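Novice: Pasting the sequence and the predicted coordinates here, then a few questions.
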Amino acid sequence: MKSLLGRFHYNRLASTFTILTTLSAGILAGSFLAHRVRGQESQVNSADATPLKVPAPHEMPTDFSRIAKEVGPAVVNINTQILPKQQQQQRRRGPHYMQPWSAPQQQQPPDGDDDDQGPDGGQGPQSGQGGQGGQGGLQDFFNRFFGGQGPDMGPGDDGQERESLGSGFIVDPRGYIVTNNHVVDKADRIFVKLASDPEGNQGRPATVIGVDKATDIAVLKIQTDSPLPTVKVGNSDGVQVGDWVMAIGEPFGLAKTVTAGIISSKNRTVEPGTPGEFQHFLQTDAAINPGNSGGPLVDMAGQVIGVNTAIYTQSAGNEGIGFAMPSNSIVDVYNALIGPEHKVVRGSIGISFQPNLPSAVARVYGFKSGVIISQITPGQPAAKAGLKVGDIITTLDGKPVKDGDDLVAIVSARKPGSTIDVGYLRNGQTMHATLGIADRDKMMAAINAAGNDEGEEGQNRTPGTISPAKLGITVQDLPQGAPASLHGVLIQSVKPGSFADEIGVGNFQGGVIVSLNRHPIHNVQEFQTIVAGMKSGDDVALEIVDPQKPNGGTSILGGTLP
């Protein structure tokens with residue numbers, strides 16, 4: 001066999017050599033003929049040939065260049081200064097803009113985000129768990145992008161002045177500018193440099209008119225003796241996935257940078273729970289990087305349809321996934337910030353809920369659309385009207401509520417002091433209540449000031465009992481000394497790969513299951529009896545509470561048994 005293989009390879013090599021030899025001969029012959037033709041080139045008459053000419057510069061027939069010229073003059077660079085603490089204490093109140101600003105030598109890692117929680121959109125204990133490096137999932141790579149201090153370094157803590165860079169755009173010829181709140185947050189000095197300003201100019205001092213942390217929008221004002229160029233604001237509701245867009249800004253300090261891409265997705269939420277309830281982004285693959293933050297995302301009509309706000313990245317640079325706050329949200333926020341109070345006032349009814357519940361939960365609770373209340377804030381409208389945890393809000397002023405986003409949009413738009421009719425289901429019966437609308441910010445401040453120290457963890461736990469393997473949960477009766485208002489079974493462990501593990505019960509070890517498929521649970525025997533009657537294809541819904549905060553609301557997990 002070896003000799004046959006050797007002969008085979010030899011024959012192939014010989015054949016190849018023959019082919020190469022033939023080709024070489026052909027090349028030599030062709031070369032000879034070519035030289036013979038070139039030798040006669042002086043005899044060819046080319047009098048009829050027309051000399052080539054370099055044409056005058058010509059603008060390419062594309063909208064990109066036209067739009068860049070139209071929008072570019074209204075895009076500004078924003079640089080800020082954060083003074084050392086000692087200097088902050090010594091300086092008098094009020095803005096001072098005497099110290100010149102110099103461009104940072106190197107952009108620092110993007111800054112982090114606050115992780116506030118609150119009513120009308122909070123999540124249960126699973127929110128923010130998992131991920132790498134102790135951070136929460138997507139937040140590991142979800143970066144606000146402008147240069148600034150690191151996450152553990154306060155402004156000026158090390159005695160050095162700090163500088164950061166961002167973008168913005170002029171929306172009013174009198175000098176009103178839209179940018180991101182995180183571009184100017186905690187800044188002691190803000191300068192705005194126009195596209196027409198000469199190189200080396202630090203820019204004009206800017207005043208903060210108002211900020212809205214919920215949408216990460218800020219409005220600035222600069223003084224001007226003549227009208228400034230402005231952008232045209234478009235309607236982001238008309239944007240379609242696949243539409244061409246352009247991002248304009250100053251990434252890494254590179255002024256007047258224009259990049260292009262498409263709309264990759266709409267209504268994208270990247271932060272779970274309350275921090276993201278007012279942030280539903282346009283996603284784009286247009287290249288945006290540190291320094292683009294606060295700059296415009298422009299459509300092919302030359303209209304601003306978003307503010308570049310964040311990127312999803314593992315390298316702190318562009319990886320083709322960027323997020324822009326839609327222009328329609330910006331318009332509402334801007335109009336509120338330029339008003340007499342210079343703030344956005346949002347309504348609330350004092351509840352929390354879990355978004356994106358599994359369809360199995362909806363089937364168990366008997367509704368197709370709506371919101372299950374997971375927490376009631378004491379003393380607030382929902383509590384005063386008698387609503388309870390587990391009630392399902394289905395309508396607001398007679399209009400169906402599709403989901404949590406729908407509820408938040410309707411309630412937050414109402415003025416504090418007004419009323420709203422809430423239709424809800426309780427034990428399968430339709431009920432109605434008239435609720436007053438509270439000021440969301442004032443309510444949140446009151447909650448934070450009061451704190452929440454209800455309940456305490458039980459001691460002297462009794463041995464657990466393993467429930468049927470079809471769920472994969474080990475539970476036990478509540479220990480002696482548990483709060484009198486608390487009932488259910490304590491989650492000891494969750495079997496990896498089990499049904500319970502798949503639906504997320506593993507994130508709630510130490511929690512208390514208070515109901516199973518809407519049946520209240522008081523001990524292990526009741527829990528086992530219900531589980532024993534379940535079969536493949538049945539829907540399962542578990543209500544779980546934190547034993548340290550038994551009145552702090554419930555989390556609902558669910559799925560369909562395989």
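Specialist: Perfect, I can see it now. All values reported here derive from a predicted model rather than from experimental measurement.
Novice: Domain-wise, how is the chain divided?
Specialist: Domains of the chain are assigned by automatic domain parsing as 347-450, 465-560.
Novice: Would you single out the least confident of these?
Specialist: Among the domains of the chain, domain 465-560 carries the lowest mean pLDDT, a mean of 85.
Novice: out of the domains of the chain, nearest to V307?
Specialist: domain 347-450 (19.0 Å; CB to CB). Heads up, the C-betas are built off the backbone N, CA and C, glycines and all.
Novice: Centre of the chain to the closest one, how far?
Specialist: 24 Å (CA atoms, centre = their mean, to the nearest Å).
Novice: try stretch 518-535
Specialist: Centroid displacement of stretch 518-535 relative to its chain, using CA atoms, centre = their mean, is 39 Å.
Novice: hang on, the earlier thing: can I get the domains of the chain in TSV with mean neighbour count?
Specialist: Shown next, in TSV, are the domains of the chain (neighbours: other CB atoms under 10 Å):
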stretch	mean neighbour count
domain 347-450	18
domain 465-560	18
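Novice: Tell me where the stretch 451-562 of the chain has helices.
Specialist: Assigned by DSSP state H, counting those that start in this stretch, the stretch 451-562 of the chain shows helices spanning 499-502, 524-532.
Novice: An error on my part: the question was meant for the chain.
Specialist: Using DSSP state H, the helices of the chain run over 2-38, 63-71, 85-90, 181-184, 327-337, 359-365, 381-384, 404-412, 440-450, 499-502, 524-532.
Novice: now the helices of the stretch 451-562 of the chain in a markdown table, with distance to R518?
Specialist: Formatted as a markdown table, these follow (distance: least, CB to CB, whole Å):
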| stretch | distance to R518 |
| --- | --- |
| helix 499-502 | 18 |
| helix 524-532 | 10 |
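Novice: P400 is nearest to which of those helices?
Specialist: Here helix 499-502 is closest among the helices of the stretch 451-562 of the chain (CB to CB), at 30.9 Å.
Novice: Any chance you could list what contacts that closest one?
Specialist: Around helix 499-502, the neighbours that count as contacts under CB atoms under 8 Å, 6 or more residues apart in numbering are 470-473, 494-495, 506, 540, 559, 561-562.
Novice: Mind checking which of the residues you listed land in strands?
Specialist: Per DSSP state E, strands hold the following members of those: 473, 494, 540, 559.
Novice: need those residues in TSV with distance to I82, can you?
Specialist: Below are the ones in strands among the contacts of helix 499-502 laid out as TSV (distance: CB to CB, whole Å):
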residue	distance to I82
I473	50
V494	46
V540	51
G559	48
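Novice: nearest to P227, of those residues?
Specialist: Closest approach between the ones in strands among the contacts of helix 499-502 and P227, by CB to CB: G559, at 59.8 Å.
Novice: Quick check: the gap between the closest one and Q354.
Specialist: 14 Å (CB to CB, to the nearest Å).
Novice: Could you do G295 as well?
Specialist: 35 Å.
Novice: hmm, back to that, can you tell me which of the contacts of helix 499-502 lies closest to D237?
Specialist: Using CB to CB, G559 comes nearest to D237 of the contacts of helix 499-502, at 34.4 Å.
Novice: residues in contact with the closest one?
Specialist: Shown in contact with G559 (CB under 8 Å, 6+ apart): 358, 360, 499, 502-503, 539-540.
Novice: Show me what it is bridged to.
Specialist: Counting by DSSP bridges, G559 forms beta bridges with V540.
Novice: cool, and F169?
Specialist: Here F169, judged by DSSP bridges, has bridge partners V75, V178.
Novice: correct me, but it touches P73?
Specialist: No: using CB atoms under 8 Å, F169 and P73 do not qualify as a contacting pair, with a distance of 10.1 Å.
Novice: ok, back up a step: out of the ones in strands among the contacts of helix 499-502, the closest to R426 would be?
Specialist: Out of these, the member with the shortest distance to R426 (by CB to CB) is V540, at 21.3 Å.
Novice: Touching, that closest one and L516? I think so.
Specialist: Yes: between V540 and L516 there is a contact under CB under 8 Å: 7.5 Å.
Novice: on that earlier part again, and F169 and P73? which has more neighbours close in?
Specialist: Shown here are F169 and P73; by other CB atoms under 10 Å, F169 has more neighbours (24 against 16).
Novice: ok, that one - contacts?
Specialist: Residues in contact with F169 (CB under 8 Å, 6+ apart) are 71, 74-76, 177-179, 231, 248, 294-296, 304.
Novice: Any of these buried? List them.
Specialist: Neighbour-count burial (16 or more other CB atoms under 10 Å) applied to the contacts of F169 gives 71, 74-76, 177-179, 231, 248, 294-296, 304.
Novice: Turn these into a markdown table, including distance to S555 and pLDDT.
Specialist: As requested, the buried ones among the contacts of F169 are exported to a markdown table (distance: CB to CB, whole Å; pLDDT from 0 to 100):
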| residue | distance to S555 | pLDDT |
| --- | --- | --- |
| V71 | 46 | 93 |
| A74 | 47 | 94 |
| V75 | 44 | 95 |
| V76 | 45 | 94 |
| I177 | 42 | 95 |
| V178 | 37 | 95 |
| T179 | 37 | 95 |
| V231 | 44 | 93 |
| I248 | 43 | 92 |
| G294 | 36 | 92 |
| G295 | 39 | 93 |
| P296 | 40 | 95 |
| V304 | 40 | 94 |
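Novice: can you tell me which of those residues lies nearest to V239?
Specialist: If you rank these by distance to V239 using CB to CB, V304 comes first, at 11.3 Å.
Novice: What distance do you get for the closest residue to that closest one other than its chain neighbours to T554?
Specialist: In space, and not counting its chain neighbours, V304 is closest to P296: 4.3 Å by CB to CB, 6 or more residues apart in numbering. Note on P296: its distance to T554, by CB to CB, is 43 Å.
Novice: cool, and I513?
Specialist: 10 Å.
Novice: Now do the shared contacts for those two.
Specialist: With CB under 8 Å, 6+ apart as the test, I513 and T554 both reach 543-544.
Novice: Before we move on, what's the pLDDT of the residue nearest the centre of the chain?
Specialist: Centroid-nearest residue in the chain: V270, 3.1 Å away (criterion: CA atoms, centre = their mean). With respect to pLDDT, V270 has a value of 75.
Novice: and what of E70?
Specialist: Confidence score, pLDDT, at E70: 92.
Novice: how about the nearest residue to it, chain neighbours excluded?
Specialist: Leaving out its chain neighbours, E70 is closest to G302 (CB to CB, 6+ apart), at 5.0 Å.
Novice: residue contacts, the one you found?
Specialist: Contacts of G302 by CB under 8 Å, 6+ apart are 63, 66-67, 70-71, 232.
Novice: thinking again about what came up before, closest to L407 among the contacts of helix 499-502?
Specialist: For the contacts of helix 499-502, the nearest to L407 is G559 (23.6 Å; CB to CB).
Novice: measure that closest one to A500 for me?
Specialist: 9 Å.
Novice: Give me the below-cutoff pLDDT ranges for the stretch 101-250 of the chain.
Specialist: Scanning the stretch 101-250 of the chain with the threshold set as pLDDT under 70 gives 101-164.
Novice: didn't A214 look like it was pressed against V345?
Specialist: No: shown here, A214 and V345 do not form a contact pair, counting by CB under 8 Å, at 11.3 Å.
Novice: Between those two, tell me which one has more neighbours.
Specialist: Between A214 and V345, counted using other CB under 10 Å, the more crowded position is A214 (21 against 15).
Novice: Skip the chain neighbours and tell me the closest residue to that one.
Specialist: Spatially, and ignoring its direct neighbours in sequence, A214 is nearest to F278 (4.3 Å; CB to CB, 6+ apart).
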